[in-house]
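Enquirer: Here is my input, please return the structure:
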Amino acid sequence: MIATISRTFQYEFWATSQYINIVNQNLPTTESIKSDKILSLLTHILVAQRIWMNRMNGIEQTFEPWTIIDSSKLEEWLMENRRLFTDFFSRFTVSQIHNLVTYKNSTGKEFQTSNIDILTQLSHHGAYHRGQVSILLKELEIVIPPTDYIYFVRQNF
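Expert: Predicted coordinates:
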């Protein structure tokens, strides 16, 4: 089961990297509402991963969900998140999958959520926002990358 969850996140990072590459190669350098929104959404995916990873590791939160990362740092953040998740999964066990994580959300409200539900949230969260990025890229007439899971499997396994 851990291998399946880990593979889901290998896909998550691969899919996000496809969008970062497209954006780095094609997004107009001049500021526009759509370009800013695309960068905001990609940043949000990466920051949310870091927020949830910190929560699962019991690390106090230092990021706001809509923190903006400079476009030149997106790849760096992606690589660091991939490293953090790889490390997490290397020591994660099946017995920990339903453990509850106690944390405060961005408004300070306390919650308890299981590791598996947090990881499921994160995988769906990224897909949702990549869909929003796809719409914006199409509006800018930028070809979107194929990022269905099956493309990932065909290329990597």
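Enquirer: For residue 4, which three-state class applies?
Expert: The three-state label given to residue 4 by DSSP: H, G, I helix; E, B strand; the rest coil is helix.
Enquirer: where does the protein dip in pLDDT?
Expert: Counting by pLDDT under 70, the chain shows low-confidence ranges at 28-31.
Enquirer: And the helices in it?
Expert: Read by DSSP state H, the chain holds these helices, from start to end of the chain: 2-26, 33-56, 74-91, 115-139, 149-156.
Enquirer: CA atoms of the second one as CSV?
Expert: This file holds the C-alpha atoms of helix 33-56, laid out as CSV (Å, rounded to 0.1, in the frame of the first residue of the first chain):
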residue,chain,number,x,y,z
ILE,A,33,-3.8,38.7,-15.1
LYS,A,34,-3.7,35.2,-16.6
SER,A,35,0.0,34.8,-16.2
ASP,A,36,-0.2,35.9,-12.6
LYS,A,37,-3.0,33.5,-11.9
ILE,A,38,-1.1,30.6,-13.5
LEU,A,39,1.9,31.3,-11.3
SER,A,40,-0.3,31.7,-8.3
LEU,A,41,-2.0,28.3,-8.9
LEU,A,42,1.3,26.5,-9.5
THR,A,43,2.8,28.1,-6.4
HIS,A,44,-0.3,27.2,-4.4
ILE,A,45,0.1,23.5,-5.3
LEU,A,46,3.7,23.5,-4.1
VAL,A,47,3.1,25.5,-1.0
ALA,A,48,0.1,23.3,0.0
GLN,A,49,2.4,20.2,-0.4
ARG,A,50,4.9,21.8,2.0
ILE,A,51,2.2,22.9,4.5
TRP,A,52,0.7,19.4,4.7
MET,A,53,4.1,17.7,4.8
ASN,A,54,5.0,20.0,7.7
ARG,A,55,1.7,19.1,9.4
MET,A,56,2.3,15.3,9.0
